[in-house]
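Participant: Provided below are the primary sequence and the corresponding predicted coordinates.
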Amino acid sequence: MSERVVLAYSGGLDTSVAIPFLAEQTGGEVIAVAVDVGQGGEDMDAIRKRAL
């Protein structure tokens with residue numbers, strides 16, 4: 001089984017760059033988790049597309 005890394009994903013530049021970096025460094029699967037906590041102003045679909 002390959003290694004998995006879970007990333008608390010904000011959708012910003014820093015965490016967007018972290019996804020391929022972590023995948024390359026660990027050789028594992030990166031799971032990005034973004035949570036809508038009700039603060040508003042964020043389009044979760046746009047965040048999802050950035051993560052992919």
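Facilitator: Noted; the coordinates are in hand.
Participant: ok, then the element right after the helix or strand where Glu24 lies?
Facilitator: Taking DSSP states H and E as the criterion, Glu24 maps to helix 13-26. The first helix or strand that comes after helix 13-26 along the chain, using DSSP H and E, is strand 29-33.
Participant: and the helix holding Glu24 with strand 29-33, angle?
Facilitator: Computed with axes from the mean of the first three to the mean of the last three Cα atoms, to 10 degrees, the direction of helix 13-26 lies at 160 degrees from that of strand 29-33.
Participant: pull out the buried residues from helix 13-26.
Facilitator: By 16 or more other Cβ atoms under 10 Å, the buried positions in helix 13-26 come out as 15-16, 18-19, 22. For glycine as for every other residue, the C-beta is placed from the backbone atoms N, C-alpha and C.
Participant: quick check, nearest of those to Ala46?
Facilitator: Nearest to Ala46, judged by Cβ to Cβ, of these is Ser16 at 11.6 Å.
Participant: thanks a lot, see you next time.
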